[in-house]
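Undergrad: Pasted the sequence and its predicted model underneath.
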4 protein chains.
Amino acid sequence: MAQWPSYAAYVISFITIGIIWINHHAAFHRLRAVDHSILIWNLLLLLGVGILPFTTSLMATYLKEGSGEGLAAAIYGASFLLMGAIFVMTNRQILLRRPRLLREPIDPEAAHDILRFAALGQLPYALAVVLAFVSPYITLGICAACAVYYALPVASRGPSDDHSDASIA
Amino acid sequence: MAQWPSYAAYVISFITIGIIWINHHAAFHRLRAVDHSILIWNLLLLLGVGILPFTTSLMATYLKEGSGEGLAAAIYGASFLLMGAIFVMTNRQILLRRPRLLREPIDPEAAHDILRFAALGQLPYALAVVLAFVSPYITLGICAACAVYYALPVASRGPSDDHSDASIA
Amino acid sequence: MAQWPSYAAYVISFITIGIIWINHHAAFHRLRAVDHSILIWNLLLLLGVGILPFTTSLMATYLKEGSGEGLAAAIYGASFLLMGAIFVMTNRQILLRRPRLLREPIDPEAAHDILRFAALGQLPYALAVVLAFVSPYITLGICAACAVYYALPVASRGPSDDHSDASIA
Amino acid sequence: MAQWPSYAAYVISFITIGIIWINHHAAFHRLRAVDHSILIWNLLLLLGVGILPFTTSLMATYLKEGSGEGLAAAIYGASFLLMGAIFVMTNRQILLRRPRLLREPIDPEAAHDILRFAALGQLPYALAVVLAFVSPYITLGICAACAVYYALPVASRGPSDDHSDASIA
């Protein structure tokens, strides 16, 4: 029972990967075709997701051991930040640099709004890295709060709202 | 050979996940589109499924050791119950709260019947949790009986019968 | 290098699962829809495939240890036989008992031919189980020969030939 | 931190598998249907990909231990070479021996160009195997350079260029 923070680290990672997957689905749903550059960004995103189990396991191990958990939490938060950054860059490649591949043309202003909104969403993770050295539980708390926020219906009311009711195909 | 209950725990979990997967397929087949709330419920369902290997392994380990198997069996049964509860809630979100996303309109009365039938299906698992402290073999037996029941043709004759002959797409 | 039979066991299992997967694809390609019974047989087939990694690991371990490899090889062969038997039963359910779900009607005579051919294909595995107690290398050799045979172009010239040039969808 | 070459081995393998996957997608996108021979080559390709985690783990272990890393690096490079060779053979089967299965007819000259280009791409891996005995870091460097090269936009400007803007289906 005393090991609940370790389990929390796993659950938070799982939900965050799930939300990335939902957003990824929405981002790629905008495309009618892909080119080499988008596939490579997609690959890097997958690599970022693939790193998470290792940093989560690291976090869980050091939380149990009760020493060195500051650095482990910083690495845990940094892996979330890295994944988020790659996702923003993938979206940037799609919306600003390959608009010709979109199903429906997007207003450049709207594209910038979506990207600004997505970039802002990485700020809490940056904070989670820095504050890891104060306490790993702050990192865990911030990451948990982000996961819960994005899971709530309110999260879909941002500029990325247009994937509500995505058709199944 | 004396370890057969451990293996039984794995086989029961496998078949139960398989049946959830079949029912999940039927439930999502009713939808022509998904929204944020359904995707999040789907994610929680996946989280529930992801917990099962751990509780199954716990059950198998304590059945071999022969001590503490009461609590392990209760946790095993509880993970089935949790998964079932999330599945009922996902179905509720689809049938009662997002009927506009259905391919074909459903009669509210029929929707309530399906949900009541699904909710009733969780009763044996609740019993399996409580009786785990009498004997873990009762838990195993109840979970096995549920798996066999749902695998038999008779199981598809409930109100959720409309997924017989689901087209492949 | 002396451990090559262990590695061979893994490669043979991999190729056999792959061939089952190809044949499975062909069998389900015949269907325009599925019902509860076919989905349950499909689930049992998946369970059979899921057992193979364990029996393969058992085979590899005992071949390295050099004792008890007779029984391990019999279990290895038996898991191939079980998987094959479930596959034949799945096909039987599709071809004889649910012909109304087929895309194109099949001549009952042709259906029986396909099933007889598939059932005959299990004979070598039955032999591999029995001869495991003479030498595990006979089991390995028979399973390898079956894998190579089914991978060769000649294998597709049996009554199940109609999946040549299966369209990609 | 001193273990970075081990981690590099994992990242290089991941990116290389990802690029193979992108190229595989492009190669199979050319097909309107598959036959037995193409499915078997596809299976062998999957087997090649399945070997990579083991050779990568071997490479990582011996780089950490600091002895026998020459042979481990040669095996690591050889697994890349094997995977590449199977991929070239799969493409050869598709382009030269089963042109009737292509969506759009391909000029035999263009087919030979694609195959020659793909075969040339295996030369660095052959070099990586040979030079592994000089230093495993040369092997790692060559494999890394190949991964980066294929990830860069320039890589898609070869004769296989026609998968730019592959439609999503």
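TA: Now that the structure is in, tell me what you want to look at.
Undergrad: Stretch A:23-40 and chain D, are they touching?
TA: Yes: against chain D, stretch A:23-40 shows contacts by Cβ under 8 Å from any Cβ of the partner chain at A:Phe28, A:Leu31, A:Arg32, A:Ala33, A:Val34, A:Asp35, A:His36, A:Ser37, A:Leu39, A:Ile40. In this view, the C-beta of every residue, glycine as well, is placed from N, C-alpha and C.
Undergrad: pull the longest helix from chain A.
TA: The residue-count maximum for a helix in chain A (DSSP state H) belongs to helix A:36-65.
Undergrad: Going by neighbour count, which of the residues of stretch A:23-40 next to chain D are buried?
TA: Buried subset of the residues of stretch A:23-40 next to chain D (neighbour count, 16 or more other Cβ atoms under 10 Å in any protein chain shown): A:Leu31, A:Ala33, A:Val34, A:Asp35, A:His36, A:Ser37, A:Leu39, A:Ile40.
Undergrad: you'd agree the fifth one is up against D:Pro153?
TA: Yes: A contact is recorded between A:His36 and D:Pro153 when judged using Cβ atoms under 8 Å, the distance being 6.1 Å.
Undergrad: quick one on the thing from earlier: what helices and strands are in contact with the longest helix of chain A?
TA: Contact here means 3 or more Cβ pairs under 8 Å, 6 or more residues apart in numbering or on different chains; DSSP states H and E; on that basis helix A:36-65 packs against helix A:4-29, helix A:69-92, helix A:136-151, helix D:4-29.
Undergrad: any idea of the mean pLDDT in the third one?
TA: When the per-residue pLDDT values of helix A:136-151 are averaged, the result is 93.
Undergrad: Can you pull the residues of chain A lying near chain D?
TA: Residues of chain A lying near chain D by Cβ under 8 Å from any Cβ: A:28, A:31-37, A:39-40, A:43, A:46-47, A:50, A:101.
Undergrad: ok, A:Val88 - contacts?
TA: Taking Cβ atoms under 8 Å, 6 or more residues apart in numbering or on different chains as the criterion, A:Val88 is in contact with A:Leu115, A:Ala118, A:Ala119, A:Gln122.
Undergrad: quick check: angle from the longest helix of chain A to helix D:136-151?
TA: Here helix A:36-65 points in a direction 130 degrees away from that of helix D:136-151 (axes from the mean of the first three to the mean of the last three Cα atoms, to 10 degrees).
Undergrad: Helix A:36-65: which residues count as buried?
TA: A:36-45, A:47-49, A:51-52, A:55-60, A:62-63.
Undergrad: residue ranges with poor pLDDT in chain A?
TA: Scanning chain A for pLDDT under 70 picks out the ranges A:1-2, A:154-169.
Undergrad: Around the closest residue to A:Cys143 other than its chain neighbours, count how many other residues there are.
TA: Counting by Cβ to Cβ, 6 or more residues apart in numbering or on different chains, A:Cys143 lies nearest to A:Ile12, which is 4.9 Å off, once chain neighbours are set aside. Residues within reach of A:Ile12, counting by other Cβ atoms under 10 Å in any protein chain shown, total 24.
Undergrad: repeat for the one 3 residues further on
TA: Burial measure for A:Ile15: 22 neighbouring residues, criterion other Cβ under 10 Å.
Undergrad: ok now do the residue nearest the centre of chain A, which residues does it touch?
TA: With distances taken as Cα atoms, centre = their mean, chain A has A:Gly84 as the residue nearest its mean C-alpha position (4.0 Å). Contact analysis of A:Gly84 by Cβ under 8 Å, 6+ apart lists A:Ala118, A:Gly121, A:Gln122, A:Tyr125.
Undergrad: got the CA coordinates for stretch A:61-72 in CSV?
TA: In CSV, the C-alpha atoms belonging to stretch A:61-72 read as follows (Å, rounded to 0.1, in the frame of the first residue of the first chain):
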residue,chain,number,x,y,z
THR,A,61,12.0,2.0,-8.7
TYR,A,62,13.5,5.1,-7.2
LEU,A,63,10.2,6.1,-5.4
LYS,A,64,10.3,2.6,-3.8
GLU,A,65,13.9,2.9,-2.8
GLY,A,66,13.5,6.4,-1.4
SER,A,67,16.8,7.8,-2.7
GLY,A,68,17.8,9.5,-5.9
GLU,A,69,14.1,10.0,-6.7
GLY,A,70,14.7,13.7,-7.5
LEU,A,71,16.7,12.8,-10.6
ALA,A,72,14.4,10.0,-11.5
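Undergrad: got the contact list for it?
TA: A:Gln3, A:Pro5, A:Ser6, A:Ala9, A:Leu58, A:Met59, A:Ala73, A:Ala132, A:Phe133, A:Ser135, A:Pro136.
Undergrad: quick one: the closest residue to the third one other than its chain neighbours from A:Tyr7, how far?
TA: Spelled out, it's A:Ser6. Of all residues not flanking A:Ser6 in the chain, A:Ala60 sits nearest, at 3.8 Å (Cβ to Cβ, 6+ apart). Using Cβ to Cβ, to the nearest Å, A:Ala60 is found at 8 Å from A:Tyr7.
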